[in-house]
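In: 3D model of this:
(2 chains)
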Protein chains: 2
Amino acid sequence: MILALSGGVGGAKLVQGLAAHVPADILAIVVNTGDDIDHLGLHISPDVDTVMYTLAGLASVDRGWGLDGETWSAMDMFGRYGAETWFNLGDKDLATNILRTEALRQGHPLSVVTDELRRRLGVAVRILPMTDDPVTTYIDTPIGKLHFQEYFVRERCAPEVLGIEFRGLAAAHPSPPLQTALAEADAIIVTPSNPIVSVGPILGVPGVRDALRQSRAHRIAVTPLIEGQAVKGPTVPMMRWAGLAPNAVSVARLYSDFLDTFILDERDAALRPDIEALGLRVHVTDTLMTTAEDKARLAREILDLL
Amino acid sequence: MILALSGGVGGAKLVQGLAAHVPADILAIVVNTGDDIDHLGLHISPDVDTVMYTLAGLASVDRGWGLDGETWSAMDMFGRYGAETWFNLGDKDLATNILRTEALRQGHPLSVVTDELRRRLGVAVRILPMTDDPVTTYIDTPIGKLHFQEYFVRERCAPEVLGIEFRGLAAAHPSPPLQTALAEADAIIVTPSNPIVSVGPILGVPGVRDALRQSRAHRIAVTPLIEGQAVKGPTVPMMRWAGLAPNAVSVARLYSDFLDTFILDERDAALRPDIEALGLRVHVTDTLMTTAEDKARLAREILDLL
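Out: Sure, this is the predicted structure:
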């Protein structure tokens, strides 16, 4: 059984590559729910949906997020009402959020609701929210404490990061299917998602990091940084806030207590000795995933290491 | 102050005509909420929204219900999930229902929420839900007890009407703005909505019928039947279920305990003596409203009677 840890867009790319090679029944994806948001009365799980839509073949390739063939009529109408429109909710995406919200209100845990939604979309790969408990990421900035989505979507990551709070994380429990998956995994792959706000919350759910340390699985992480830059998203400012140099070595160090192998980008080959010095094996390759072929090739290389 | 009693489409036509002549601040519309439905976790008030969209100039003229320029992407997605799709929720309409549902969940009464929504849409005419309490219309049919919307939308009024239940009606209270409007009205107009399931629930809210009887307003009703036929909707089978001949005389009799004047269609002029025999004044005219001009002309004639 292969377990991948994923945030949103970056992680979903590798997940798509893995799903192209691995039988669906031996693949499971644990997904960050720390950037979930309750907005307009709906419970929105952006990372879960990015992974789900990607695996369903419904994700927009052009836009890079959300659903293909999406429309925005509801947002137009929200605007007419003078309601908040900074968080883009497509009309199709609203259907997902309405169904999830109603199921949660009926008392079903997020892991159960997510499993039902992905099945109904014909996704055979399991999608495991990291926890059924509420965890909310706040970013302290010069303009105030912002929900992660306010920082990420509304403010486009422009404000300086002065602090990061994962409210609820210390009291959260791993979702039941995640507990099972951690115990059963033969391989664990940390996808190239943001190590601070995407992978970080997953590792921060009490018990998860210990389970990873104690796991007998082959544990591999893919660098989210190439030449000190993230493909997308605020990894660099967040690493800087954490007092870390924004490079692959710092990421490898963040995971070194549980990791076996680090996948380093070929543009950063010079960093190999520093990562090996952490006690990790290093595999150097092209980690930039633009096309479906890129994703499949990188996934193939990772699977060959197992 | 002019108060109009309205259900959905039929009533909204006359409301549109009235609004074309009367200053907005002296017009208020009390709307049936007996066909409200909780569906997919959303609180939907079809008649309230029909009146609101009509007054906002946003209603679809071609379709005869819902919003102009509506799209249906969310319904496509609900279908992909295998969720219920029989109740047509347009993408723009979803925005209304999401905002209403969230405001209700926060504890605001429907009358307050409705007032906020109509203001935000720029509707100056007041829209008063008949009650803030839950009232739900069920139709007994050979295929079982159906919510009114299941009977009306999903089954297209095909099943025989064996019974009608207005659950919650006997315990409902008139909404506070309706109580005020009933006390202050100088004229009360019963629009040509279904007398059983649209006007009926409004009259059935405890206290409303007594207030109408005791009102010193000029009270006028417009026939919803022309030559024994409704322009739209299940008025005829519902009157038959109630043991009433489906004609204007029966409708006049239903309202005769509080009514002053009945507007009879010119095609039914022969019924005039029977309605006058109920102690009502009768005005005979063309009551069929197809164009905006029709609506304005009928409204003008009614206002001239006041």
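In: distance of the spatially most central residue of chain A relative to A:Ile29?
Out: The centroid of chain A falls nearest to A:Gly7 when counting by C-alpha atoms, centre = their mean (0.5 Å). Distance from A:Gly7 to A:Ile29, counting by C-beta to C-beta, to the nearest Å: 11 Å. Placement of C-beta: from N, CA and C, glycine included.
In: so what's the backbone phi/psi at whatever residue of the stretch 201-306 of chain A ends up closest to chain B?
Out: Going by C-beta to the nearest C-beta, chain B is nearest to A:Ala292 of the stretch 201-306 of chain A, at 22.1 Å. Note on A:Ala292: its backbone torsions stand at phi -60, psi -30 [degrees, to the nearest 10].
In: and the residue nearest to A:Pro159 when sequence neighbours are not counted, how far from B:Ile44?
Out: Nearest residue to A:Pro159 in three dimensions, chain neighbours excluded: A:Thr141, at 3.5 Å (C-beta to C-beta, 6 or more residues apart in numbering or on different chains). A:Thr141 sits 39 Å away from B:Ile44, going by C-beta to C-beta.
In: looking at these two, which is more packed in?
Out: Neighbour comparison, A:Thr141 and B:Ile44: the larger count goes to B:Ile44, with 21 against 18 (by other C-beta atoms under 10 Å in any protein chain shown).
In: who does that one form a beta bridge with?
Out: When bridges are called by DSSP bridges, B:Ile44 pairs up with B:Ile37.
In: from memory it sits against B:Asn88, does it?
Out: No. With contact defined as C-beta atoms under 8 Å, B:Ile44 does not reach B:Asn88; the gap is 10.6 Å.
In: please enumerate the helices of the stretch 151-300 of chain A.
Out: Ranges of helices within the stretch 151-300 of chain A are A:176-184, A:199-204, A:208-214, A:235-241, A:248-255, A:272-276, A:292-305, based on DSSP state H, counting those that start in this stretch.
In: now the stretch 151-300 of chain A against chain B: closest residue?
Out: For the stretch 151-300 of chain A, C-beta to the nearest C-beta, closest residue to chain B: A:Val153, 18.1 Å.
In: could you measure from the residue nearest to that residue when sequence neighbours are not counted over to chain B?
Out: Of all residues not flanking A:Val153 in the chain, A:Phe87 sits nearest, at 5.6 Å (C-beta to C-beta, 6+ apart). According to C-beta to the nearest C-beta, to the nearest Å, A:Phe87 stands 13 Å off from chain B.
In: can you give me the strands for chain A?
Out: Secondary structure of chain A (DSSP state E): strands at A:2-6, A:27-31, A:37-39, A:42-44, A:126-129, A:136-141, A:144-147, A:163-167, A:187-190, A:218-222, A:225-226, A:229-230, A:261-265, A:281-285.
In: got JSON lines for those, with distance to B:Pro206 and mean pLDDT too?
Out: Shown next, in JSON lines, are the strands of chain A (distance: least, C-beta to C-beta, whole Å; pLDDT from 0 to 100):
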{"stretch": "strand A:2-6", "distance to B:Pro206": "57", "mean pLDDT": "98"}
{"stretch": "strand A:27-31", "distance to B:Pro206": "52", "mean pLDDT": "98"}
{"stretch": "strand A:37-39", "distance to B:Pro206": "37", "mean pLDDT": "97"}
{"stretch": "strand A:42-44", "distance to B:Pro206": "36", "mean pLDDT": "98"}
{"stretch": "strand A:126-129", "distance to B:Pro206": "48", "mean pLDDT": "98"}
{"stretch": "strand A:136-141", "distance to B:Pro206": "45", "mean pLDDT": "98"}
{"stretch": "strand A:144-147", "distance to B:Pro206": "45", "mean pLDDT": "98"}
{"stretch": "strand A:163-167", "distance to B:Pro206": "47", "mean pLDDT": "97"}
{"stretch": "strand A:187-190", "distance to B:Pro206": "64", "mean pLDDT": "98"}
{"stretch": "strand A:218-222", "distance to B:Pro206": "67", "mean pLDDT": "98"}
{"stretch": "strand A:225-226", "distance to B:Pro206": "69", "mean pLDDT": "97"}
{"stretch": "strand A:229-230", "distance to B:Pro206": "64", "mean pLDDT": "94"}
{"stretch": "strand A:261-265", "distance to B:Pro206": "72", "mean pLDDT": "98"}
{"stretch": "strand A:281-285", "distance to B:Pro206": "75", "mean pLDDT": "98"}
